[in-house]
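**Student:** Make a model of this:
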Amino acid sequence: MSDRTFLDELNYSNQKAVLVGITLPSDVIIGDDPLAELASLADTAGLDVVGRVYQKRQHIDASTYCGKGKAEEIALHVKAEGAKLVVFDNELRPGQQRNLEEVVGVPVIDRTELILAIFANHAQTRQAKVQVQIAQLDYQLPRLKNLWTHLERQRGGMGAVGGAGERQIETDRRLLNKRIDRMKDELTEILKRREVEVSRRKDLFQIAIVGYTNAGKSTLMNALTSEGVLAVDRLFATLDTRTCVWKLPDHKVLLSDTVGFIHNLPHRLVASFNATLEEVKHADLLLHVVDASHQSAESMIKAVNDVLKEIGADDRRVLMVFNKIDQVKNHAELEILHRTHHDYVDISAMRATGLKELAARVQKIVEEGETALDWTFSAANGKLLAYLKQHGKILTMDYEDNDVRVKALLEPRFVKAAMDMRDA
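**Tutor:** Down below sits the predicted model:
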């Protein structure tokens with residue numbers, strides 16, 4: 001039996017690990033290698049992968065998820081490679097983790113715990129750190145019994161009803177619940193301050209970049225704004241939302257980069273990071289960035305759409321951005337993407353290809369929702385003229401004696417303020 005505790009930091013850097021994947025008939029596999037994404041997650045967490053075990057099953061084994069025979073096979077891999085950790089690409093119940101650890105002799109973690117470790121390492125802002133802590137504590141709660149059952153066995157007590165272990169479980173559960181409540185209160189205060197920040201942005205068209213992790217979202221953000229957002233070839237390299245100004249030919253908009261989504265993103269992580277994804281829910285437009293060169297691009301699109309639906313953002317207007325177009329080898333598959341998703345732009349963020357076309361397409365979308373003005377007012381009303389230039393697009397401007405006739409496009413949110421200046 002391992003000596004793990006669920007209260008330890010989720011840090012697995014440099015540990016030798018065996019990866020395990022179990023797929024059921026209803027599961028969707030991204031790419032040819034069913035363990036490729038788990039391997040990328042393991043690499044991001046700093047694990048040293050020394051073995052892989054994969055199995056197709058018709059149903060889940062209630063005791064060990066993978067069945068006793070497969071668990072014994074995993075144990076042989078662990079012993080042969082000197083592994084110190086087993087990572088399942090599935091979400092395990094606490095009892096299944098406990099039973100597996102009895103067989104393999106080392107800690108067993110699941111996909112959720114691995115992602116939590118990555119999130120904990122990558123969170124930079126206080127908001128992201130608090131959200132990670134809430135998700136970690138929520139994950140630990142049902143697993144407290146594993147720890148104390150193990151200690152009772154060491155003491156020979158076997159967890160008798162009313163014993164020290166049971167009492168300690170209840171004590172720990174109360175402490176964790178109190179910590180969760182404190183973290184949620186702190187998150188509420190952070191969000192109140194964030195709402196003030198967001199309200200100040202309402203005078204600009206807001207765009208959020210979404211997409212499967214590693215699709216090139218941060219690279220695109222850098223290409224469009226020169227803001228120097230971290231862009232590396234690792235899953236969840238970007239965790240905190242970052243917003244900056246994107247200057248279009250005739251407009252300025254706000255552009256936000258968001259955390260990448262993955263297939264089967266654990267529900268508790270979506271719930272904990274709902275606040276981070278507020279940028280997505282309130283955006284006027286979503287740029288859905290897709291790695292067009294990936295053979296499973298359509299499955300990745302579906303995974304992102306599933307998360308958007310879960311957070312209540314599936315009603316936002318979406319422009320598909322097919323990225324890495326320079327790496328596409330199967331152009332027939334690209335044509336299928338084009339036929340399936342009609343509103344799209346092809347780009348290569350790395351090579352800055354198609355960015356002008358993207359800017360023009362976004363500007364057209366911004367202008368589609370604008371109000372057409374044909375106003376004649378005093379040429380001395382410089383305040384109104386400046387406002388129209390700053391917040392809209394001047395189409396024509398003709399001076400007639402002491403008046404000026406302006407034809408312009410203006411977002412509906414600015415029309416009332418402009419009318420007040422005109423009528424003052």
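**Student:** Would you map the strands across the stretch 51-200 of the chain?
**Tutor:** 85-88, 108-109 (DSSP state E, counting those that start in this stretch).
**Student:** quick one: which of the ones you listed is nearest Gly354?
**Tutor:** Closest to Gly354 of those is strand 85-88 (C-beta to C-beta; 38.0 Å). C-beta: built from backbone N, CA, C; applies to glycine.
**Student:** for that closest one, packing partners?
**Tutor:** Under the contact definition 3 or more C-beta pairs under 8 Å, 6 or more residues apart in numbering; DSSP states H and E, strand 85-88 sits against strand 16-23, helix 94-104, strand 108-109, helix 111-122.
**Student:** Given that strand, what are its sheet partners and their directions?
**Tutor:** Listed by DSSP bridges, the sheet partners of strand 85-88 and their directions read strand 16-23 (parallel), strand 108-109 (parallel).
**Student:** just to revisit the earlier point, want to throw the strands of the stretch 51-200 of the chain into TSV with distance to Ser63?
**Tutor:** Formatted as TSV, these follow (distance: least, C-beta to C-beta, whole Å):
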stretch	distance to Ser63
strand 85-88	14
strand 108-109	13
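**Student:** one step back: just say which of the helices and strands packed on strand 85-88 is most tucked in.
**Tutor:** Greatest average neighbour count among the helices and strands packed on strand 85-88 goes to strand 108-109 (a mean of 25), per mean count of other C-beta atoms under 10 Å.
**Student:** hmm, who's touching it?
**Tutor:** The contact list for strand 108-109 (C-beta atoms under 8 Å, 6 or more residues apart in numbering) reads Ser2, Tyr12, Leu85, Val86, Val87, Phe88, Leu92, Gln97, Leu100, Glu101.
**Student:** Quick one: buried ones out of the residues you listed?
**Tutor:** Tyr12, Leu85, Val86, Val87, Phe88, Leu92, Gln97, Leu100, Glu101 (16 or more other C-beta atoms under 10 Å).
**Student:** what's the helix ranked longest in the chain packed up against?
**Tutor:** Counting residues, the longest helix found in the chain (DSSP state H) is helix 164-199. Contact analysis of helix 164-199 by 3+ C-beta pairs under 8 Å, 6+ apart lists helix 126-140, helix 144-155, helix 278-281 as its packing neighbours.
**Student:** which stretch in those has the least confidence?
**Tutor:** Of all the helices and strands packed on helix 164-199, helix 144-155 carries the lowest average pLDDT, namely a mean of 50.
**Student:** So which of the strands of the stretch 51-200 of the chain is nearest Asp346?
**Tutor:** strand 85-88 (36.5 Å).
**Student:** Contacts for that closest one, please.
**Tutor:** So strand 85-88 is contacted by 12, 15-22, 38, 42, 47, 65-66, 74, 78, 100, 104, 106-111, 114 (C-beta under 8 Å, 6+ apart).
**Student:** Please apply the same query to stretch 329-341.
**Tutor:** Val290, Ala292, Ser293, Gln295, Ala297, Glu298, Ile301, Met320, Phe322, Ile325, Val328, Tyr344.
**Student:** Next: stretch 211-231.
**Tutor:** With contact meaning C-beta under 8 Å, 6+ apart, stretch 211-231 is reached by 40, 209-210, 233-238, 242, 244-246, 255, 257-262, 287-291, 300-301, 303-304, 321, 323-324, 347, 349-350, 352, 355, 358-359.
**Student:** Kindly recompute the last result at 6 Å.
**Tutor:** The contact list for stretch 211-231 (C-beta atoms under 6 Å, 6 or more residues apart in numbering) reads 209, 235-238, 242, 244, 246, 257, 260-262, 288-291, 300, 304, 323, 349-350, 352, 355.
**Student:** Name the residues of that stretch that are buried.
**Tutor:** 211-225, 229-231.
**Student:** C-alpha coordinates for that stretch, CSV please?
**Tutor:** The C-alpha trace of stretch 211-231 is given here as CSV (Å, rounded to 0.1, in the frame of the first residue of the first chain):
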residue,chain,number,x,y,z
GLY,A,211,-10.5,26.7,-28.6
TYR,A,212,-9.0,23.3,-27.8
THR,A,213,-5.8,23.6,-25.8
ASN,A,214,-2.7,23.9,-28.0
ALA,A,215,-4.7,25.1,-31.0
GLY,A,216,-2.6,28.3,-31.1
LYS,A,217,-4.8,30.8,-29.2
SER,A,218,-2.0,32.6,-27.4
THR,A,219,0.1,32.7,-30.6
LEU,A,220,-2.8,34.3,-32.4
MET,A,221,-3.2,36.8,-29.5
ASN,A,222,0.4,37.8,-29.8
ALA,A,223,0.2,38.1,-33.6
LEU,A,224,-2.9,40.4,-33.4
THR,A,225,-1.9,42.6,-30.4
SER,A,226,1.9,42.2,-29.8
GLU,A,227,1.1,41.7,-26.1
GLY,A,228,3.7,39.0,-25.4
VAL,A,229,1.3,36.3,-24.0
LEU,A,230,3.0,33.0,-23.1
ALA,A,231,2.7,30.7,-26.1
